[in-house]
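Student: please work out how this folds:
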Amino acid sequence: MLGVLSAFEEESHCIQSERSPKKTGISSYTLRYYDKAGLTPFVKRDKQGRRVFNDEDLDSLALIRCLKQTGMPLEDIRQFISWCADGDGTIDQRLAMFEEQRQAVEAQIHQSLLNLQKVNHKIDVYRRASQAGSEAAVDCDVLPLKTTAALLAEVADYETEHPLPE
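Tutor: Have a look, this model is predicted:
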């Protein structure tokens, strides 16, 4: 990840920027934005000035997108990319950054699960109201709050029951 670009020399593994949105799911506009924000110093250009991505670059772009989607500020992503370019001497900083980001993602998951719990509760209330013919006929009991650990256990159970495609 964001390491040596030796595979860049193999033209068969490279894609030009106009074809990269199909491969990365990232629009050309976003790629230009990332470039201007200093997030893609590892990307090479061809003789016409078009960005050319190898497989490692695409993996790096996917990680940048992931970090952005988890709410990591661009400044922190830029710092991470700089640390990657600096090499193994920055492994501990990168580890600390990812551990901190994991905590932020877990907090987001916790909040999302609380929101899902409220939505599911309202679905239950409205199903019962629909069957009873009136919302007034339904007891809208108070929603019990769960701990972060209990909610994360539910996520783990969900992931076991619904594995992501590989």
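Student: what about the longest helix in the chain?
Tutor: In the chain, with assignment by DSSP state H, the single longest helix is helix 91-132.
Student: give me the mean pLDDT for it.
Tutor: Per-residue pLDDT over helix 91-132 has a mean of 91.
Student: just checking, what packs against that helix?
Tutor: Helices and strands touching helix 91-132, as assessed by 3 or more CB pairs under 8 Å, 6 or more residues apart in numbering; DSSP states H and E, comprise helix 74-86, helix 148-161. (Each C-beta comes from the backbone N, C-alpha and C, glycine too.)
Student: could you check the angle helix 74-86 makes with that helix?
Tutor: Helix 91-132 and helix 74-86 are oriented at 140 degrees to each other (axes from the mean of the first three to the mean of the last three CA atoms, to 10 degrees).
Student: next one: helix 91-132 to chain centre, how far?
Tutor: Taking the mean of its C-alpha atoms, helix 91-132 sits 15 Å from the chain's own mean (CA atoms, centre = their mean, to the nearest Å).
Student: quick check: angle from that helix to helix 148-161?
Tutor: 80 degrees.
Student: can you lay out the helices and strands packed on helix 91-132 as JSON lines showing mean pLDDT and distance to residue 115?
Tutor: As requested, the helices and strands packed on helix 91-132 are exported to JSON lines (pLDDT from 0 to 100; distance: least, CB to CB, whole Å):
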{"stretch": "helix 74-86", "mean pLDDT": "95", "distance to residue 115": "25"}
{"stretch": "helix 148-161", "mean pLDDT": "79", "distance to residue 115": "11"}
